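K.L.:
Generate coordinates for the sequence data below:
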Amino acid sequence: MSTNPVANLFRVPELKNKILFTLGILLVYRTGAHITVPGLDVGILRQTFGALQGTFFGIYDMFVGGGLSRATILALGIMPYISASIMFQLLAAVFPTIEKLQKEGEDGRKKLTQWTRYATIGLAVMQGYGYAAFLSSIPGAVRVPGFLFTVTTVIALTVGAVFVMWLGEQITERGIGNGMSLLIFFSIIESFPAALGRTWESFTLGEISAFALVALLLVIVGVCAGVVAMTMAARKIPVQIPRKVVGRGRIREGQKSFVPLRINSSGVMPIIFAQSFIVMPGTMAAFVDLGPLSTLAEMFAPQTTTYYVTYGLLILFFTYFYTAIIFNPIDLAENLKKQGAFIPGVKPGARTAEYIDRVLTRITLPGSIYLTLIALLPFFIFDLFNIQTFFFGGTSLLIVVGVGLDTVQQAQQLLLLRHYDGFMKKGRVKMRGRTRYM
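P.N.:
Numbers count the residues shown, from 1 in each chain. Predicted structure coming up:
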């Protein structure tokens, strides 16, 4: 097998087919993301969205690859499904029925998946209606406004959201990587080539100095390296598995293992929640003409001290909040106890849960500070060098790096399994009419 990892990806037929299938699905997705809903003037729509970049619409538009600002049939993207999934994660902490389904194994997961699909359709209908009403409120954007336009737009956007959900599930089942994450990944990086082109044009025109360009490149590389390091970082809690009698008097020797607790176990969700809250004043002020609301929007406008401080505190809060939602130390302690495993020096049961919770609380602090720095650093860098043509936010950076790492790890696992499979096939020898593996 070649030592070139890229060449190896296409030497394995199974992995090659998965990659080509994934690329084909992504091509269909990005093609649909450029088909505009009928009856609109896209030019007027883009002018309107140019003034809404600092609002919730701007954040949503980033996740769907600009589909919202172009009013395409896939404008809602995968976000209704993601919202439905997050909703059930949060509801599991409130409703025991949902929490029970999460623990029932494959059958429970299938039922939750079905509920998530139904919730996705409901959210898509509501978001589609709201977006249709927003389009109708823009003077000149809709050629023939009215009930027919609203109905056709809601149907087109809902069907588009369901179609995107299906595309994501197909990638997960038959392709490589997590389909939902890859759809967002490619939606985000689609704008990178154009941003790089604008940055280079500004450099040739003398608007950006060579020092600023080199500094920008070094910052991007350094931040990406930091994101990779912190994404992979984990606190390993040692676990001891005692000797155990298995089957007919066989003894399984004791083993030493560990439970990895990630420094950034909450992922990118704290930044998304914080962004959603911090842009609310600006979003409401863009549609409601009220004096106090406009003053509040000015206070929380980007590049202000209030914005930076509030944004950082919200990230710290939501890091602890979301970690508490998705990680339950009591469940982990019970699972260790059922397996007969224990943490050296800690009693099984409640004491183990308290110990894990204490460790998790401590490592979440550097994780939350790291997320805050990643989210705020781009603002400071672009303000310092006065760069307006290219922007990499903390949210997009974490998603791109995280999804990239996850996809590469899956590809490596498939290559490793294929290597072992080939080794086993070559290791067959026949002895007295029986086949043995060496």
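K.L.:
Mind giving me the packing neighbours of the strand or helix carrying Y307?
P.N.:
Assigned by DSSP states H and E, Y307 belongs to helix 305-326. Counting contacts by 3 or more CB pairs under 8 Å, 6 or more residues apart in numbering; DSSP states H and E, helix 305-326 packs against helix 79-91, helix 269-278, helix 350-385. Every residue, glycine included, has its C-beta placed from N, CA and C.
K.L.:
Now the helix or strand following the first one: buried residues?
P.N.:
This points to helix 79-91. As assigned by DSSP H and E, the chain's next helix or strand after helix 79-91 is helix 96-102. Using 16 or more other CB atoms under 10 Å as the test for burial, helix 96-102 gives 98, 101.
K.L.:
Equivalent analysis for stretch 327-336, please.
P.N.:
Of all the residues in stretch 327-336, those buried under the rule 16+ other CB under 10 Å are 327-329, 332-333, 336.
K.L.:
Report the distance from that stretch to the chain centre.
P.N.:
On the basis of CA atoms, centre = their mean, to the nearest Å, stretch 327-336 is displaced by 25 Å from the centre of the chain it belongs to.
K.L.:
do stretch 343-353 as well
P.N.:
Centroid separation for stretch 343-353 versus its chain: 33 Å, with CA atoms, centre = their mean.
K.L.:
And it, end to end?
P.N.:
From its first residue to its last, stretch 343-353 covers 10 Å (CA to CA, to the nearest Å).
K.L.:
Who are the contact partners of L167?
P.N.:
Applying CB atoms under 8 Å, 6 or more residues apart in numbering to L167 gives the contacts 25, 28-29, 179, 183.
K.L.:
same check, this time on Q339
P.N.:
By CB under 8 Å, 6+ apart, the contact list for Q339 reads I241.
K.L.:
any idea how far it lies from L360?
P.N.:
Between Q339 and L360 the distance, using CB to CB, to the nearest Å, works out to 20 Å.
K.L.:
Pull the contacting residues for Q410.
P.N.:
Q410 sits next to 176-177 when contact means CB under 8 Å, 6+ apart.
K.L.:
In three-state terms, label it for me.
P.N.:
helix (DSSP: H, G, I helix; E, B strand; the rest coil).
K.L.:
Check what pLDDT it gets.
P.N.:
Model confidence at Q410, expressed as pLDDT, equals 81.
K.L.:
For S181, see how far away it is.
P.N.:
The value you get for Q410 to S181, if CB to CB is used, is 11 Å.
K.L.:
What score does L314 have for pLDDT?
P.N.:
88.
K.L.:
Quick check: chain neighbours aside, which residue is closest to it?
P.N.:
A274 (3.7 Å; CB to CB, 6 or more residues apart in numbering).
K.L.:
got the residue ranges for the strands in this protein?
P.N.:
For the chain, applying DSSP state E gives strands covering 234-241, 244-246, 250-252, 255-262, 428-431, 434-437.
K.L.:
ok so, going back, of the contacts of L167, which is the most crowded?
P.N.:
Compared across the contacts of L167, L183 has the highest neighbour count, 30 neighbours, by other CB atoms under 10 Å.
K.L.:
isn't it right up against G77?
P.N.:
Yes: the criterion here is CB atoms under 8 Å, and L183 meets it with G77 at 7.0 Å.
K.L.:
what do these two both touch?
P.N.:
Shared contacts of L183 and G77 (CB under 8 Å, 6+ apart): V164.
K.L.:
residue contacts, D331?
P.N.:
K103.
K.L.:
Repeat the analysis, applying 10 Å as the threshold.
P.N.:
By CB atoms under 10 Å, 6 or more residues apart in numbering, the contact list for D331 reads 99, 102-103, 353.
K.L.:
Could you export the residues you listed as CSV, including pLDDT and distance to G206?
P.N.:
Formatted as CSV, the contacts of D331 follow (pLDDT from 0 to 100; distance: CB to CB, whole Å):
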residue, pLDDT, distance to G206
E99, 78, 60
Q102, 76, 57
K103, 76, 62
A353, 88, 61
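K.L.:
of these, closest to A210?
P.N.:
A210 lies nearest to Q102 out of these, by CB to CB, at 54.0 Å.
K.L.:
The residue nearest to L314: neighbour count?
P.N.:
A274 has 25 neighbouring residues, counting by other CB under 10 Å.
K.L.:
That one against Y307, yeah?
P.N.:
No: when contacts are counted by CB atoms under 10 Å, A274 is not listed as touching Y307 (11.0 Å).
K.L.:
before we move on, back to that, specify which member of the contacts of D331 is nearest to I59.
P.N.:
If you rank the contacts of D331 by distance to I59 using CB to CB, Q102 comes first, at 28.4 Å.
K.L.:
Give me the buried positions along stretch 182-191.
P.N.:
Those would be 182-188, 191, for stretch 182-191 by 16+ other CB under 10 Å.
K.L.:
cool, and stretch 71-84?
P.N.:
71-84.
K.L.:
What of stretch 25-42?
P.N.:
Of all the residues in stretch 25-42, those buried under the rule 16+ other CB under 10 Å are 25-26, 29-30, 32-33, 37, 39-40.
K.L.:
V125 and A119, how far apart?
P.N.:
As defined by CB to CB, V125 lies at a distance of 11 Å from A119.
K.L.:
what is in contact with these two at once?
P.N.:
P80.
K.L.:
now the nearest residue to P270 once chain neighbours are set aside: how far from N264?
P.N.:
Excluding the flanking residues, the one nearest P270 by CB to CB, 6+ apart is F318, at 3.8 Å. F318 sits 13 Å away from N264, going by CB to CB.
K.L.:
Overlap in contacts, the two.
P.N.:
Residues within reach of F318 and of N264 at once, by CB under 10 Å, 6+ apart, are 270, 368, 371.
K.L.:
Y29 contacts S187, correct?
P.N.:
Yes: between Y29 and S187 there is a contact under CB under 10 Å: 8.4 Å.
K.L.:
how about low-confidence regions in the stretch 301-438 of the chain?
P.N.:
Residue ranges of the stretch 301-438 of the chain with pLDDT under 70: 301-302, 385-394, 418-438.
K.L.:
Ramachandran angles for G340?
P.N.:
Backbone torsions of G340, given as degrees, to the nearest 10, read phi 80, psi 10.
K.L.:
Count the neighbours of R174 for me.
P.N.:
With other CB under 10 Å as criterion, R174 counts 13.
K.L.:
ranges for the helices of the stretch 101-250 of the chain?
P.N.:
106-137, 147-174, 179-189, 192-204, 210-232 (DSSP state H, counting those that start in this stretch).
K.L.:
Tell me the spacing between N328 and R262.
P.N.:
For N328 relative to R262 (CB to CB), the value is 15 Å.
K.L.:
where does the stretch 151-300 of the chain have low pLDDT?
P.N.:
For the stretch 151-300 of the chain, counting by pLDDT under 70, the residues that fall below are 243-254, 279-294, 296-297, 300.
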